[in-house]
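J.: show me how the following folds:
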Amino acid sequence: MAEALTLDKQNEEISPQAMRRKIFRMVWPATLESTLQMAVGMVAMAMIGHVGPEAVGAVGLSTRVTQIVWAIFAAIGTGATVLIARAVGAGDKESARRTAEQALVLAVVLVCLLTVLVVWQARWLMVALFRAEAYMLDLSFSYLALVAYGMPFMAIMQVVGAIMRGAGNTRTPMVVALFVNIINISANYILIFGRFGFPAMGMYGAAIAAIVAQSVGALLALYVWHRGQALTVRMWRLYRPHGELVQRILKIGIPAAGEMIFWQVATIILMRLIVTFGTAELAAHQLGLTAESLSYMPAVGFGIAATAFVGQSLGAEKPRQAARYVAELVRLCLLLTVLTASLLFFIPETIMRILTQDAEVVRLGAIYLSLMAIAQFPQQMGGVLNGALRGAGDTKAPMYIGGFGLWLVRLPLAYILSVTFGLGITGVWVAMTVDLFVRFGLSSYYYYRGHWQPAALLRTGRVS
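T.: Okay, here's the model as predicted:
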């Protein structure tokens, strides 16, 4: 009788219309939030671009270091999202609440330690990681030592957002992001160029603006999380560590961190190669990355939705429903990617001119955007499939696939094409495109084999 009830529960299917409504309710705030992040990044980099190519390069190099720290606490968010989604799917709100509390405290402790390390060793980090011109290195480590003070606030904001998304709430993180981006853009304009009586501080003004916006965002995220009706937590009670729960968060999150760190370290190595080509090439690469977010950031919401819906479906012991959600998300993401990639492909120079007036940087950046327009299709579809695997608790497969593509395809091919065959920076960008197609093929093969489904069902136990 128990087996029959379980089978009936698994065979209960949501209608296609109801599924699309749920997808839309979750995806549009996450997509808008990602688009807002893209927009503020483009605006800030455009303002820095008017300061000069050296400032763009210095900010780009510093970002590589802060992104490694971001990868570590984002992994905690990934673990929390998956476990909370499962608990919500199973109707266990207490387990979801306890997971949220443990994840936030863990993230705050780790990011504070890492912030001290980055501020203390900013100069050593920049010299050890990059072989850029001395002047650019000086700019980079001074910018890094300042912007690092905002990392604890960013960690809080990101982890709280991940917790809410796991519970199916993407609207609140979107509202928080809206306020943060308004503050960031306004402060950037005032502090970079010196408006309303403030001195013009150039790229250092951008760092201060980021810290101000992130601190406001962290406080706002904590407030709305504490006051919300869904997944309310007791913020001010005595914290009690739960070793088993922390271990489960890290078990899921550490491979996700490994995947991100693989990417960041590979990017640092790639940047060491790119800086040898010259300042214009470095600026074109950095501004190209910013402009490319016009295409891929709106689709990030689909990967977030895949993680949440798969986790919730498997928590409710409905693997077939999880697969249906992923199929629908892939179709919808493909339609959005056709639109956004077309902008990169058909008007790349127009987009680059928004970010800089340097003719050589515009010319090189247009080449980058044309190649990345093609690569958006495997990148976005692969993002949905990897999000589904994470929702099933399988964060190791995306890590292995990412490591293979980055270390065995992108890096060696970039060196061969750019140096051995003399293609320069274009060879690096071609290698990046090939890597994205290879990884998409591997993710598709692994996902559609379906081994993640029974494995996930074995891991749906909840915290008592």
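J.: wait, what's in contact with L287?
T.: 45, 49, 56, 352, 355-356, 361, 365 (CB atoms under 8 Å, 6 or more residues apart in numbering). Where you see a C-beta, it was placed from the backbone N, CA and C, and this is true even at glycine.
J.: got the end-to-end distance for stretch 419-433?
T.: By CA to CA, to the nearest Å, the extent of stretch 419-433 from end to end equals 17 Å.
J.: let's have the chain start at 670 instead
T.: With 670 as the first residue, the last one maps to stretch 1088-1102.
J.: so which bits of it are buried?
T.: 1092-1102 (16 or more other CB atoms under 10 Å).
J.: coming back round to it: which among the contacts of L956 gets closest to E702?
T.: M714 (18.7 Å; CB to CB).
J.: quick one: contacts for the closest one?
T.: 725, 728, 955-956, 959, 1024.
J.: report the rounded mean pLDDT for stretch 858-865.
T.: Confidence over stretch 858-865 (mean pLDDT, whole number) is 88.
J.: and it, C-alpha only, in CSV?
T.: Extracted in CSV, the C-alpha atoms of stretch 858-865 (Å, rounded to 0.1, in the frame of the first residue of the first chain):
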residue,chain,number,x,y,z
TYR,A,858,28.1,59.1,-11.6
ILE,A,859,28.6,61.4,-8.6
LEU,A,860,31.9,59.9,-7.4
ILE,A,861,33.6,58.9,-10.7
PHE,A,862,33.1,62.3,-12.4
GLY,A,863,32.8,64.6,-9.3
ARG,A,864,29.2,65.9,-9.2
PHE,A,865,27.2,67.8,-6.6
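J.: need the contact partners of it.
T.: So stretch 858-865 is in contact with 716-717, 720, 867, 869-875, 877-878, going by CB under 8 Å, 6+ apart.
J.: switch the cut-off to 6 Å
T.: 716, 867, 869-870, 874-875, 877-878 (CB atoms under 6 Å, 6 or more residues apart in numbering).
J.: how many neighbours does T948 have?
T.: T948 has 20 neighbouring residues, counting by other CB atoms under 10 Å.
J.: distance-wise, check it relative to A756.
T.: Using CB to CB, to the nearest Å, T948 is found at 50 Å from A756.
J.: hmm, back to that, farthest pair in the buried residues of stretch 1088-1102?
T.: Spanning the widest gap among the buried residues of stretch 1088-1102 are G1093 and T1102, at 15.4 Å by CB to CB.
J.: related to what we said a few turns ago, ChimeraX command to pick out the buried ones of the contacts of stretch 858-865?
T.: Entered in ChimeraX, the line below selects the buried ones among the contacts of stretch 858-865, by 16+ other CB under 10 Å:
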select :716,870,874,875,877,878
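J.: with adjacent residues omitted, what lies nearest to C1002?
T.: F971 (4.2 Å; CB to CB, 6 or more residues apart in numbering).
J.: rewinding a little: nearest to P988 among the contacts of L956?
T.: M714 (42.4 Å).
J.: for M1021, see how far away the closest one is.
T.: Counting by CB to CB, the gap from M714 to M1021 is 11 Å.
J.: for the helix or strand where V777 lies, list every residue counted as buried.
T.: Using DSSP states H and E, V777 sits in helix 762-789. Using 16+ other CB under 10 Å as the test for burial, helix 762-789 gives 764-777, 779-780, 783-784, 787.
J.: so what does it touch, helix or strand wise?
T.: helix 722-758, helix 820-835, helix 912-943 (3 or more CB pairs under 6 Å, 6 or more residues apart in numbering; DSSP states H and E).
J.: out of those helices, which gets the lowest mean score?
T.: helix 722-758 (a mean of 77).
J.: for that one, what is the distance to the chain centroid?
T.: Mean-position distance between helix 722-758 and its chain equals 6 Å (CA atoms, centre = their mean, to the nearest Å).
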